[in-house]
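1. Here is a sequence together with a model predicted from it:
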Amino acid sequence: MQLCDDLRISDGGRDWCSQSGCDTTRSDQPEQLPERVKTATAQFVSKKVATIGTCLQAVSTQIVKNNALDASGAASICVKQFRKVNVASQNGLAVKLLAQIQGKCSPGQAGITHTEGDIVGVGATVSQPLNAGNLGAWCAHFYGDGSIDDPNEWENCILNAAECDADSTIAVQYPRVLDWLALVKPVMQALTPPPTDPLRITEALAALDMVRAAIDGADDDNVVSIQCGGSAATGTAGVADVLTGKTFSNSTASGPVGTMPNNGAVTLTPSTSDQTIAAGYHNGAGKCAGDTDLIAGNIRSGVNLFGVNGDSNVVNTSSETAAAGDLLSGKIAWVAGAQVTGSMPNNGAVTLTPSTIGLKTFTIPDGLYSGSKTATANDSNLIGGNIVTGATIFGVAGTQPPRSPSRPGRRRPTAPAVTGMCRRATRARTLTTATAPSPTIGPG
């Protein structure tokens, strides 16, 4: 088949396909160049649909027409037909299509003088190259990498697009295709290949799985969902946005491999400083470690740890100096982190009685005393009338005049009675009375 017959490009009178058997009588308009490619791929699609259709029709006959319990009667037919569509089989339809394209269009083949640049468009030696490189983004839908850099990538795009066309046609013509392929596969597996052709069953099953996967789609839900040849990818993700080892497509490429690190499950333990969370994918099983002791009762007053305020009862007692003797008996305090129980006695109210002579010093026992901060000695006789004039005891001034002491053996003469008009002159006598010294009462 003269696949390149229509890839004629005039370049200053030189025919681009002059060495490839091109028909020089045909027009050299660019829109006519893919005519032979179209013819070859159309034949490929027709043959693949017919080949797989033969298998599906056999299954339909067994299940629908003959009401068979399984598709055993169609197993051998399906092995034969699917082996024809195996992409790796030397006699398969795909290998034959590629051979036709490469034999007539690939640079380096006998009798072909055009270059890779003349096909791709970059580095062309002719004024009107094929510019297959323009198909890079579109060919990404047919397992391309988003760019056409050489003729082989263009040829693979042609093949994969034709495969998609054939699979779509099969799905439309045989709505139960996924059910019937699922029924026939186990009976195909049960067959034994002949010794002279040991790969017969294996290659047929591989082709069946490829067709089924293409028609079912990536969701694998046994519902027709062909993905090839869809709308152009429009994503903006880059390799750093996709998990390492995973491929993806965006508006500029198809098939790039992601580089985002897979961190799995990461556990962070709080510390006194911030910790950096590693960039990359986290599977959701990671955590920030918790601690059951992170409660207010374990945190000092005035301190906030990870949003938990300290208990007002938790204070720093390192500067306290109180000892047991400084605290009332039975009372508890905390000093330097240790509990201290008071031993100071509670003496309540104490009455102190002064001595009757001299100064009185009172010993006040250690302990707590209720009332005022002074000790008072009370005596109901401590009044001014009981204190001689001129003396003051415990702040009380005396008001009692001092007494004249009597002299033993002497009597004070008694004046004679006066009668009548005459008075008897009496010689005045002066009685001198010694005054006893006042007693001094010191505070007691």
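-> Received the coordinates, thanks.

2. domain parsing for this protein?
-> 3-229, 232-260, 280-313 (automatic domain parsing).

3. Point out the most buried one among these.
-> domain 3-229 (a mean of 17; mean count of other CB atoms under 10 Å). Just so you know, the C-beta spots here come from the backbone N, C-alpha and C atoms, and that holds for glycine as well.

4. how much space between the residue nearest to Ala161 when sequence neighbours are not counted and Val95?
-> With sequence-adjacent residues excluded and distances taken as CB to CB, 6 or more residues apart in numbering, Ala161 is closest to Phe142, at 5.0 Å. According to CB to CB, to the nearest Å, Phe142 and Val95 sit 17 Å apart.

5. Over to Thr389?
-> Plainly put, Thr389 is 149 Å away from Val95 if you go by CB to CB.

6. likewise Ala74?
-> 25 Å.

7. So for Ile299, what's the nearest residue that isn't a sequence neighbour?
-> That would be Gly310: by CB to CB, 6+ apart, it lies 3.6 Å from Ile299.

8. Please give me every residue in contact with the one you found.
-> Residues counted as contacts of Gly310 (CB atoms under 8 Å, 6 or more residues apart in numbering) are 296, 299-304.

9. Val187: what's it in contact with?
-> Applying CB under 8 Å, 6+ apart, the residues near Val187 are 70-72, 74-75.

10. quick one: average confidence on whichever helix or strand it is part of?
-> For Val187, the element it lies in under DSSP states H and E is helix 177-189. Helix 177-189 shows an average pLDDT of 95 in the prediction.

11. Dihedrals phi and psi, Thr341?
-> phi -100, psi 130 (degrees, to the nearest 10).

12. Which residues does it form beta bridges with?
-> Beta-bridge pairing for Thr341 (DSSP bridges): Ile332.

13. from here on, count from 35
-> That works, and once the first residue is 35, the last one we named lands at Thr375.

14. Relative to Ala357, how far out is it?
-> Counting by CB to CB, the gap from Thr375 to Ala357 is 11 Å.

15. go on, Arg117?
-> 101 Å.

16. So Gly292 sits against Phe282, correct?
-> Yes: Gly292 is within contact range of Phe282, at 6.5 Å (criterion: CB atoms under 8 Å).

17. Find residues that contact each of those two.
-> Listed as contacting both Gly292 and Phe282 by CB under 8 Å, 6+ apart are Val276.

18. Could I get the CA-only coordinates of the host helix or strand of Asp243 as CSV?
-> Asp243 belongs to helix 234-250 when elements are defined using DSSP H and E. What follows is helix 234-250, C-alpha atoms only, in CSV (Å, rounded to 0.1, in the frame of the first residue of the first chain):
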residue,chain,number,x,y,z
ARG,A,234,-1.7,-19.0,21.8
ILE,A,235,-4.0,-18.7,24.8
THR,A,236,-1.8,-16.2,26.7
GLU,A,237,-1.6,-13.7,23.8
ALA,A,238,-5.4,-14.0,23.2
LEU,A,239,-6.2,-13.3,26.8
ALA,A,240,-3.8,-10.3,26.9
ALA,A,241,-5.6,-8.8,23.9
LEU,A,242,-9.0,-9.4,25.5
ASP,A,243,-7.9,-7.7,28.7
MET,A,244,-6.6,-4.7,26.8
VAL,A,245,-9.9,-4.3,24.9
ARG,A,246,-12.0,-4.7,28.0
ALA,A,247,-9.9,-2.2,29.9
ALA,A,248,-10.1,0.3,27.1
ILE,A,249,-13.9,0.0,26.9
ASP,A,250,-14.6,-0.2,30.6
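
19. can you give me how far it is from the chain middle?
-> 42 Å (CA atoms, centre = their mean, to the nearest Å).

20. Which residues does that helix contact?
-> By CB under 8 Å, 6+ apart, helix 234-250 touches 86, 112-117, 119-123, 126, 197-198, 201, 204-205, 211-212, 215-216, 218-219, 222-223, 225-228, 254, 256-262.

21. Same question for stretch 91-107.
-> Residues outside stretch 91-107 that contact it (CB under 8 Å, 6+ apart): 108, 111-112, 208, 210, 214, 217-218, 220-221, 224.

22. Can I get stretch 310-326 as CSV, trimmed to CA atoms?
-> C-alpha atoms of stretch 310-326 as CSV (Å, rounded to 0.1, in the frame of the first residue of the first chain):
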residue,chain,number,x,y,z
THR,A,310,8.5,22.2,60.2
ILE,A,311,6.0,20.0,58.5
ALA,A,312,7.7,18.4,55.5
ALA,A,313,6.4,19.3,52.1
GLY,A,314,4.7,16.5,50.3
TYR,A,315,1.8,14.0,50.6
HIS,A,316,0.5,12.9,54.0
ASN,A,317,-1.8,9.9,54.1
GLY,A,318,-4.0,11.2,56.9
ALA,A,319,-2.8,8.7,59.5
GLY,A,320,-0.2,11.2,60.9
LYS,A,321,-0.8,13.0,64.1
CYS,A,322,0.4,15.6,66.6
ALA,A,323,1.2,13.6,69.7
GLY,A,324,-1.0,14.4,72.7
ASP,A,325,-0.4,14.0,76.4
THR,A,326,-3.0,13.2,79.1
